[in-house]
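Q: give the three-dimensional model of this entry:
(2 chains)
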Amino acid sequence: MDSPNNDYLIKKINYEIKKRNIKKVPFLEIRNNRLQGVVSSGSDIRRVYVCVIDNNNNTFSCHTNNNRKCGGLDTQYVCSHLSALISQANLRSEEDEKFDTLASTTNKQGDTKARYPEVFARFQHYLKYLQMEATIESIPEMEWFISN
Amino acid sequence: MTAKITLKENDHINNPMIFSNDVKLDQVFEIQHQLIQVFSNGFSKLNSKGIETLKEINIAFSTSPLNTLISEAITGLNNNQLTSSNFDLLAIVMASIDGSAYDSLFDELNKLMENQVSLIDNAKEINYTSNTEDHENFLESIKSWLIDLAIMGFTEINMDVLESFEQVMDTLENIPELMRLNVILRGFIEEITTEIPITSQDEFPAKRWLGLWLRSYLLTMQLPKENVQSIKDCKLKIIGVQKYSHDYFTLYTFHGILDHEGNNRLIQIEAKKFTINEVSNNELLDLLNSTHPELFKGLEENLVIQVKQGMISGNYLILEKFKTTTTSFDIYETLAVLFESKTISYNKQNPYNRHPLLLKYPVLCKIENITKDGTSKFDWGDIPIRFDKVGTLNEKWKLANSKGIFGFIQFDNGWWISPVTILGDKNQYIGYTYSQDRSGKNVYEVLKERSNAILRSKS
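A: Numbers count the residues shown, from 1 in each chain, chains lettered A, B, ... in the order given. Below is the predicted model:
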C-alpha cells in the first residue's frame, strides 16, 4: 500500500524554490494552465499590474488594479510588467516544467477580456494570510504536513 | 428517512473498537485500500467492487452497537442515497477504522518497546462541549462540498469545483473558532490545485487525500473536546522542535518534559503562524521568536522554564504565565534517566484524532545502537531513521560526535524514526534550522507593506 505522507512530502520538501524578487513581483502562480501574477508599479506603491498569460486561449493581458489597461501593452508584444512576470517565473523553470511552458509567449495575442479581477482577488487573498492571526487551539492535523 | 447523526449521539469516540473484535489489522488496511478506490472513482460511479467494499465494512461492524445504523447507511449509499447523514455515518466508521489501526499499532509497539513510556489514554475523559455549534449551518455548507468531492470522485476534481468553494473559504478564514478546519482545508485544496487535472489514478496521492478529506469532514461535525486541566508551578524542559507547514500555515511543535506533581510528562507546545510560502524559514523563525521568546531561549540555551500557570489538554500544553530560569540542564542526561527508569508518561491522541499517521512513540536512540547506514537497532528489529524527512540537510555526519538521537517512532506504511534532536555537547534541533545566509530580502515586511497599501486603497 502506498504511503499517505512520506513519499509525497519528501518530494515536496526537497523542492527548493528559488527566491524571486518579491518587491518587483509580489505574486506569481500557475493556475488552470495560466501563468498569472502581480507586478509592482515602479512609481506608486498602491498600484500594481495584474498580468496573465493564458495558455488556454493563447492570450496575454496586463491591467492595473484600477482596471486600466497597461499603456505599454501592444497586441503583438508584451509590456515590461509581463516581461518581469516571465523572467521571475523562469527562475523556477528549472524545477518546474509547467512554468517553463507557460512562460513562453510565442504566438500569443493581447487580449482585453482579461481575468484581472480574479487574479487580483487571489493576490488580495494571498496578502490576507499575512494579516491572519492563529488562535491558541492545537492543530493535530498539521502532522499531515511534514516540513523541513 | 435516516436520523441525523453526530459524533456525540453515537459516542463512537469512547469506544474506538466499535467494529468486531475479530477484525485483524491487515483486514483494516485492506478495507482502507478499497475505500481509496471508492473515493477516487466517486460514489456516483459505484461499481460492483465498490459495493462489495461497503458490504465488507458492514460485515466488519456486525457486532458493533452501531450496526443497524451503519447497515442502513451502507444500504443507502449502495442505493445512491448520497445524503449527509449517510456520509456522516461512513465518516464515523472510517474514523473508527483509523482509530482502531492506531490503537492496534500503538499496543504492538508498546509491547515491542517493553512499555518504555507510560501511555495515558484520555478516551474516557472527553466532554462534549463544542465551540462550533454556532456555525452549524455554515459547517453544513462545507460538509456538502466535501460530499460533492466524494460523489464525483477525486479523479474528477477540476478547477471549477475548487473555485466555487473559494467564497466559503473566505468566510471560514474569518471564523477563529474554526481555525483547525480552515488550516487543513487550505492545505488540502492547495495540494489538489497542484495535482489537477488527474489523468491517471497513479498520478495523485489518493490515500493521503482520503485522509485529508476525512479529517476535514470530521471537523465539520460537532467535535467533542478533551478536558482541559489547569496546572500551576511546574518545571518545563524543552528537548526539541518539529516543523510542519503547507503553503499558508507553519507550525513549530516544541517538545518538552513537564515536571507536574512529581510526574514527568512528555508534552508539546505549539508556535504557529499563517504565512505564505515565499516567507523564508529565517523570517518565520524571527517572527515566532519575537512572540515566543522564552520558548526559543529555553530551547537554544537548554534552560529550565518555570511554568507558573498553564493548561494541559492531552499532550498539548498552553503556557499562560511562565519565565525562563537561569538553571540549565542536559537533554541527553535528562532523557537517559527518564527512559531508563521508565518514568516518562505520554498521552495517546484524542480518540477522534487517531490515525496511524499521528502515532508517535517517543524514543531515545543511543549512539551505540545507531548504524552507519542510519538505522537504530532494537531487540526486535532495525528501524530506519528518516533523515531524508528533514529536507536537504544531511545530518548523518553530525552523528559521529553525538550521544544519540531523541525522536519518535512513527508509522507510515512501516515503522520509521522521525529524528527530532541530535544530542551532544551542542544539540542539533532538526526542525529548527536558521540559515547562515541572512542577506535575503525581508519578504514578510515587503509584502506586509504592499498589503497595507493595497488592501486599504480602493481598487
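Q: okay, CA-based contacts and neighbour counts for the rest of this
A: Noted.
Q: can you get me a residue count around A:Ile30?
A: When counting by other Cα atoms under 10 Å in any protein chain shown, one arrives at 19 neighbours for A:Ile30.
Q: beta partners for the residue nearest to B:Tyr316 when sequence neighbours are not counted?
A: Once flanking residues are discounted, B:Tyr316 sits nearest to B:Gln268: 5.1 Å by Cα to Cα, 6 or more residues apart in numbering or on different chains. Using DSSP bridges, the bridge partners assigned to B:Gln268 are B:His255, B:Tyr316.
Q: then A:Ser40?
A: When assigned by DSSP bridges, A:Ser40 has beta-bridge partners A:Val48.
Q: show the pLDDT at it.
A: Listed pLDDT for A:Ser40 reads 89.
Q: what's near enough to touch it?
A: By Cα atoms under 8 Å, 6 or more residues apart in numbering or on different chains, the residues touching A:Ser40 are A:Lys23, A:Lys24, A:Val25, A:Pro26, A:Arg47, A:Val48, A:Tyr49.
Q: find the nearest non-adjacent residue to the last one, please.
A: Right, the one you point to is A:Tyr49. Counting by Cα to Cα, 6+ apart, the residue nearest A:Tyr49 is A:Thr64, at 4.3 Å.
Q: the one you found is in contact with A:Arg46, isn't it?
A: No: using Cα atoms under 8 Å, A:Thr64 is not in contact with A:Arg46; the gap is 10.2 Å.
Q: which residues does stretch B:296-308 contact?
A: Here stretch B:296-308 has contacts from B:231-240, B:289, B:294, B:319-331, using Cα under 8 Å, 6+ apart.
Q: check the offset of stretch B:233-251 from the chain's centre.
A: 13 Å (Cα atoms, centre = their mean, to the nearest Å).
Q: can you check stretch B:326-336 too?
A: For stretch B:326-336, the distance to the chain centre is 28 Å (Cα atoms, centre = their mean).
Q: B:Glu52: neighbouring residues, count only.
A: 14.
Q: do you know how far it is from B:Thr75?
A: Separation of B:Glu52 from B:Thr75 (Cα to Cα, to the nearest Å): 11 Å.
Q: got it, and B:Phe188?
A: Applying Cα to Cα to B:Phe188 and B:Thr75 gives a distance of 29 Å.
Q: what about those two, which has more around it?
A: Neighbours per residue (other Cα under 10 Å) separate B:Phe188 from B:Thr75, with B:Phe188 holding more: 20 against 17.
Q: not counting sequence-adjacent ones, nearest residue to that one?
A: Using Cα to Cα, 6+ apart, the nearest residue to B:Phe188 is B:Leu212, at 6.4 Å.
Q: please name every helix or strand in contact with the host helix or strand of the one you found.
A: B:Leu212 is part of helix B:206-219, with elements assigned from DSSP states H and E. Judged by 3 or more Cα pairs under 8 Å, 6 or more residues apart in numbering or on different chains; DSSP states H and E, helix B:206-219 is in contact with helix B:25-41, helix B:84-112, helix B:136-152, helix B:179-195.
Q: now with 7 Å?
A: Helix B:206-219 sits against helix B:25-41, helix B:179-195, with contacts defined as 3 or more Cα pairs under 7 Å, 6 or more residues apart in numbering or on different chains; DSSP states H and E.
Q: pick out the residue of the stretch 1-150 of chain B closest to chain A.
A: Nearest to chain A, among the residues of the stretch 1-150 of chain B, is B:His33, at 7.3 Å (Cα to the nearest Cα).
Q: that residue and B:Ile97, how far apart?
A: For B:His33, the distance to B:Ile97 - Cα to Cα - is 12 Å.
Q: of the two, give the one with the bigger neighbour count.
A: Per other Cα under 10 Å, whichever of B:His33 and B:Ile97 has more neighbours is B:Ile97, with 26 against 16.
Q: list the contacts of that one.
A: By Cα atoms under 7 Å, 6 or more residues apart in numbering or on different chains, the residues touching B:Ile97 are B:Val28.
Q: what about the chain, any weak spots by pLDDT?
A: Defaulting to chain A. A:1-19, A:75-76, A:92-114, A:148 (pLDDT under 70).
Q: I was after chain B.
A: B:1-25, B:64-66, B:123-133, B:222-225, B:388-400, B:435-441, B:454-459.
Q: any idea which residue sits dead centre in it?
A: For chain B, the residue sitting closest to the mean C-alpha position, by Cα atoms, centre = their mean, is B:Leu358 at 5.2 Å.
Q: how about the contacts made by it?
A: Here B:Leu358 is in contact with A:Glu143 (Cα under 7 Å, 6+ apart).
Q: state the phi and psi torsions of it.
A: Torsion angles at B:Leu358 (phi, psi; degrees, to the nearest 10) stand at phi -100, psi 10.
Q: next: B:Leu69.
A: phi -60, psi -40.
Q: what is the neighbour count of it?
A: Neighbours of B:Leu69 under the rule other Cα under 10 Å: 18.
Q: repeat that for B:Leu46.
A: B:Leu46: 20 surrounding residues under other Cα under 10 Å.
Q: and what of A:Arg68?
A: The local packing of A:Arg68 (other Cα under 10 Å) involves 10 other residues.
Q: so how far is A:Arg31 from the residue nearest to A:Tyr49?
A: Distance from A:Thr64 to A:Arg31, by Cα to Cα: 20 Å.
Q: between the two, which one's more packed in?
A: A:Thr64 (22 against 14).
Q: tell me who's in contact with that one.
A: A:Arg47, A:Val48, A:Tyr49, A:Val50, A:Cys70.
Q: can you redo the residues you listed as JSON lines with distance to B:Tyr346 and neighbour count?
A: Converted to JSON lines, these look like this (distance: Cα to Cα, whole Å; neighbours: other Cα atoms under 10 Å in any protein chain shown):
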{"residue": "A:Arg47", "distance to B:Tyr346": "53", "neighbour count": "19"}
{"residue": "A:Val48", "distance to B:Tyr346": "52", "neighbour count": "26"}
{"residue": "A:Tyr49", "distance to B:Tyr346": "53", "neighbour count": "25"}
{"residue": "A:Val50", "distance to B:Tyr346": "52", "neighbour count": "32"}
{"residue": "A:Cys70", "distance to B:Tyr346": "61", "neighbour count": "17"}
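Q: quick one: which of these is nearest B:Thr371?
A: A:Val50 (54.4 Å; Cα to Cα).
Q: am I right that that closest one is in contact with A:Glu29?
A: No: look at A:Val50 against A:Glu29 with Cα atoms under 7 Å: they stay out of range, at 11.8 Å.
Q: the helix ranked longest in chain A vs chain B: in contact?
A: Ranked by residue count under DSSP state H, the longest helix found in chain A is helix A:116-131. Yes: counting by Cα under 7 Å from any Cα of the partner chain, chain B has neighbours in helix A:116-131: A:Gln124, A:Leu127, A:Tyr129, A:Leu130.
Q: and B:Arg265, that's in a strand?
A: Yes: judged by DSSP: H, G, I helix; E, B strand; the rest coil, B:Arg265 forms part of a strand.
Q: tally of neighbours for it?
A: Neighbours around B:Arg265, by other Cα under 10 Å: 22.
Q: where along chain A do the strands fall?
A: Here chain A has its strands, by DSSP state E, at A:27-31, A:34-40, A:48-54, A:59-64, A:109-110.
Q: any idea how far B:Thr199 lies from chain A?
A: Distance, B:Thr199 to chain A, by Cα to the nearest Cα, to the nearest Å: 15 Å.
Q: neighbours of that residue, how many?
A: Neighbour count for B:Thr199, taken as other Cα under 10 Å: 11.
Q: and the spatially closest residue to B:Asn115 that is not a sequence neighbour, how far from B:Glu368?
A: Spatially, and ignoring its direct neighbours in sequence, B:Asn115 is nearest to B:Lys342 (7.7 Å; Cα to Cα, 6+ apart). As for B:Lys342, its distance to B:Glu368 is 20 Å (criterion: Cα to Cα).
Q: neighbour count winner among the two?
A: B:Lys342 (14 against 10).
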